[in-house]
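Visitor: Quick one, structure for this:
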Amino acid sequence: MRQVYLVRHAMPDIPVGERWCVGRTDLPLGTVGRMQAALLPFVPELLDKPVFCSHLIRAIDTARPLCPSPMIREGLEEQDMGVWDGLSFTEIKTRFPTLYAARENNPHLWPEGAETMESVSLRMHAAILHCLEETEGDIVVVSHKSAIDSITGSRPKLLHTSISRVAWDGQQLNPLEIGKIPHPKLTEEVCMSVLQAAGAQEPVIAHCRAVAEEALRLADGLPTDQSALDRNLLLAASLLHDVARAEPNHAVTGAVWIRALGYPDVADVIVQHHDCERIAIDEASVLYLADKHILGTQRVTLEERFSASALKCETEEAKTAHAHRYEAALALEKQIVRR
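Guide: The predicted model follows:
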């Protein structure tokens, strides 16, 4: 019995916090979407299989980390949502209030020009069967939420890059698993892939490697009664701490991105790496101190690091905050570094 792995595309480039009716609107992946797609090659069941996708760019770019040249097939695209397509739901609610309200109780009411789910189901079935006829063994199909819903016969909330699995018995497609979220362990290899997908430049990547090395060195030097740190968590957070380095308020933004990937514990450490108020010895405080000891890729003293960064402080408020961070770093160093 052959299996088809149906992968929903990664997050397209839409404003964070907004809901959009994307449909056939051809949007590329956003930063989080590229990071999500970068995790897929680390999902063993998706490897070494023919990869098909729709012609929409968000599906193609999700498929490419699995296969540089995925096979594009008509019929795998998202449902056409007619006059709603490409609009935010805020705008839809304003422009089409009656239909918007009615769909709360009857989701099978469609806007003008929309494709019915029956039509989506027919073309998706036909497209998948063609993909199976062209190949042997199991296959991967990167498609879209409503298109995948039409195959699984269920409507759970399919998150971006979620994986649904159906079996082909020669007669019909039978759902086996719906909406599994990829969650590979954040090894160094995975973290490097995520950094590159986020657009981190080589100096930033080199800095992250150096901070990770310093963080593990500090952890190794802790007294036995203070060394119960999660080294995997510390390594992942250190390698990814500057994933959003080019963004304003990069610690917060980076934490938001990593949380969106499904790693809230790593995000909780990352968000504190720029300003850490904790004196307790934990992964966040060790990363904070390690980051302050690395300038570029070179290990420096706290005095050297803060003297260099003080030059960027132009206002009294910035100078006060800088002095506060310096004092916090000194206090942490007394707690963490063995004398």
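Visitor: tell me the strands in this protein, going along the chain?
Guide: 2-8, 20-21, 51-53, 71-72, 87-88, 139-143, 163-168, 173-180, 294-295, 298-299 (DSSP state E).
Visitor: And these: which comes nearest Leu233?
Guide: Nearest of the strands of the chain to Leu233, taken as CB to CB: strand 294-295 at 18.9 Å. Placement of C-beta: from N, CA and C, glycine included.
Visitor: Report all helices and strands that the closest one contacts.
Guide: helix 202-220, helix 302-310 (3 or more CB pairs under 8 Å, 6 or more residues apart in numbering; DSSP states H and E).
Visitor: which of those helices sits most buried?
Guide: Mean neighbour count, computed with mean count of other CB atoms under 10 Å, is highest for helix 202-220 among these, reaching a mean of 18.
Visitor: so what secondary structure elements neighbour that one?
Guide: helix 188-197, helix 231-240, helix 283-292, strand 294-295, strand 298-299.
Visitor: So what touches that helix?
Guide: 188, 191-192, 195-196, 200, 227, 229, 231, 234-235, 238-242, 245-246, 286-287, 289-291, 293-294, 296-299, 336-337 (CB atoms under 8 Å, 6 or more residues apart in numbering).
Visitor: So His125 is in contact with Leu173, correct?
Guide: Yes: here His125 reaches Leu173: they are 6.9 Å apart, a contact under CB atoms under 8 Å.
Visitor: Which one's more surrounded, the two?
Guide: Between His125 and Leu173, Leu173 has the larger neighbour count (other CB atoms under 10 Å), namely 21 against 15.
Visitor: any idea how far the residue nearest to Leu302 when sequence neighbours are not counted is from Asn249?
Guide: Nearest non-adjacent residue to Leu302, counting by CB to CB, 6 or more residues apart in numbering: Ala329, 5.2 Å away. Note on Ala329: its distance to Asn249, by CB to CB, to the nearest Å, is 20 Å.
Visitor: likewise Ile281?
Guide: Going from Ile281 to Asn249 by CB to CB gives 26 Å.
Visitor: Compare these two and say which one has the larger neighbour count.
Guide: Higher neighbour count among Ile281 and Asn249: Ile281, with 20 against 12, using other CB under 10 Å.
Visitor: which residues does that one contact?
Guide: With CB under 8 Å, 6+ apart, Ile281 has these contacts: 222, 226, 229, 335-336.
Visitor: What pLDDT does the model give the nearest residue to Ile258 once chain neighbours are set aside?
Guide: In space, and not counting its chain neighbours, Ile258 is closest to Ala267: 4.4 Å by CB to CB, 6+ apart. Ala267 is assigned a predicted lDDT (pLDDT) of 97.
Visitor: do Gln226 as well
Guide: pLDDT recorded at Gln226 is 59.
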